[in-house]
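Engineer: Provided below are the primary sequence and the corresponding predicted coordinates.
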Amino acid sequence: MTQHHPSPDILAEYAGGALHAGAMLVIACHIDGCAVCRSEVALWENTAGALLEDAAPAPLSDDALARVLARLDTAEPEPVRHAVPDFLERFALPAPLKSQKIGRRRQVTPNIWFAPLDMPSQGSTRTYLVYAGRNTVLAEHSHAGREFTQVLKGAFVDGTGRYDEADFACTDDAITHTPAVTRESECLCLISTDKPMRLTGFPARIIQAVTGTLY
Ligand SMILES: [Zn+2]
């Protein structure tokens, strides 16, 4: 049973398409497996639709039909679907993640790897998968802006609580945390941040030197 969900504000931003592409993907992956949030997003979308219907109809200009037909002629091509990399085949991935372009994994320690997602116009945002073996502590870090996490496999704990498979976590620049994977299972998470994370501890700074500001 999912314990941690995106806040109503975040779901409203998602419904309005107001989040950056990586954050949209994390929420899409959450609602793929969460009927509660799925119905809340549908409510927001219906509300937005009703507001549009209430608005006075704008008069159509004479060439409106021609312009619509021209747009149909140049319809966007089908988005490219990317194959799931070998190293992810053993995981049950949510549908929205499966067609994403996922880069090669970078082993940070024997127990931890990162794999970046190639998102459109990502700017300073970062979206990536992070894997850690059971009983592994990740580097202490803080954030500039928000960090969205969706647990795809296993569970982790940090100062704010325990996050199990299908749970969502949001942290911001007020939080410095040291996530630790529980001893029962390995852990795979999808993470999207507004800006690269800031590692704080000493071993962490070595990791940052290795990975640069990729994550
Ligand atoms: Zn939910």
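Structural biologist: Noted; the coordinates are in hand. Numbers count the residues shown, from 1 in each chain.

Engineer: residue ranges with poor pLDDT in this structure?
Structural biologist: 49, 52, 55-60, 62, 68, 71-79, 197-215 (pLDDT under 70).

Engineer: show me where it has helices.
Structural biologist: According to DSSP state H, the chain carries its helices in the segments 8-15, 21-33, 35-54, 64-73, 95-98, 202-211.

Engineer: Against which helices or strands is the third one packed?
Structural biologist: Contact here means 3 or more CB pairs under 8 Å, 6 or more residues apart in numbering; DSSP states H and E; on that basis helix 35-54 packs against helix 8-15, helix 21-33. All C-beta atoms are positioned from the backbone trio N, CA, C, and that covers glycine.

Engineer: mind giving me CSV with those and columns for mean neighbour count?
Structural biologist: Below are the helices and strands packed on helix 35-54 laid out as CSV (neighbours: other CB atoms under 10 Å):
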stretch, mean neighbour count
helix 8-15, 18
helix 21-33, 22
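
Engineer: Distance to the ion added to those helices, as JSON lines?
Structural biologist: Shown next, in JSON lines, are those (distance: least, CB to the ion, whole Å):
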{"stretch": "helix 8-15", "distance to the ion": "8"}
{"stretch": "helix 21-33", "distance to the ion": "6"}
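
Engineer: mind putting these in a markdown table, distance to residue 94 included?
Structural biologist: Rendered in a markdown table, the data for the helices and strands packed on helix 35-54 read as follows (distance: least, CB to CB, whole Å):
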| stretch | distance to residue 94 |
| --- | --- |
| helix 8-15 | 15 |
| helix 21-33 | 4 |
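
Engineer: and the helices of the chain as a markdown table, adding distance to residue 125?
Structural biologist: A markdown table is the format used below for these (distance: least, CB to CB, whole Å):
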| stretch | distance to residue 125 |
| --- | --- |
| helix 8-15 | 14 |
| helix 21-33 | 5 |
| helix 35-54 | 21 |
| helix 64-73 | 29 |
| helix 95-98 | 16 |
| helix 202-211 | 16 |
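
Engineer: what's the distance between residue 67 and residue 61?
Structural biologist: Distance, residue 67 to residue 61, by CB to CB, to the nearest Å: 8 Å.

Engineer: now swap in residue 29 and tell me
Structural biologist: Here the criterion is CB to CB. By it, residue 29 lies 41 Å from residue 61.

Engineer: again, but for residue 14
Structural biologist: Residue 14 sits 33 Å away from residue 61, going by CB to CB.

Engineer: can you check residue 129 too?
Structural biologist: Taken as CB to CB, the span from residue 129 to residue 61 is 48 Å.

Engineer: what do you get for residue 89?
Structural biologist: For residue 89, the distance to residue 61 (CB to CB) stands at 52 Å.

Engineer: what do you get for residue 185?
Structural biologist: Residue 185 sits at a distance of 60 Å from residue 61 (criterion: CB to CB).

Engineer: Give me the more crowded residue out of the two.
Structural biologist: residue 185 (15 against 9; other CB atoms under 10 Å).

Engineer: so that one sits right up against residue 154, yeah?
Structural biologist: Yes. Using CB atoms under 8 Å, residue 185 and residue 154 qualify as a contacting pair, with a distance of 3.9 Å.

Engineer: which neighbours do the two share?
Structural biologist: Shared between the contact lists of residue 185 and residue 154 (criterion: CB atoms under 8 Å, 6 or more residues apart in numbering) are residues residue 134.

Engineer: Please name the residues that touch the spatially closest residue to residue 32 that is not a sequence neighbour.
Structural biologist: Spatially, and ignoring its direct neighbours in sequence, residue 32 is nearest to residue 94 (4.1 Å; CB to CB, 6 or more residues apart in numbering). Taking CB under 8 Å, 6+ apart as the criterion, residue 94 is in contact with 28-29, 32-33, 150, 152.
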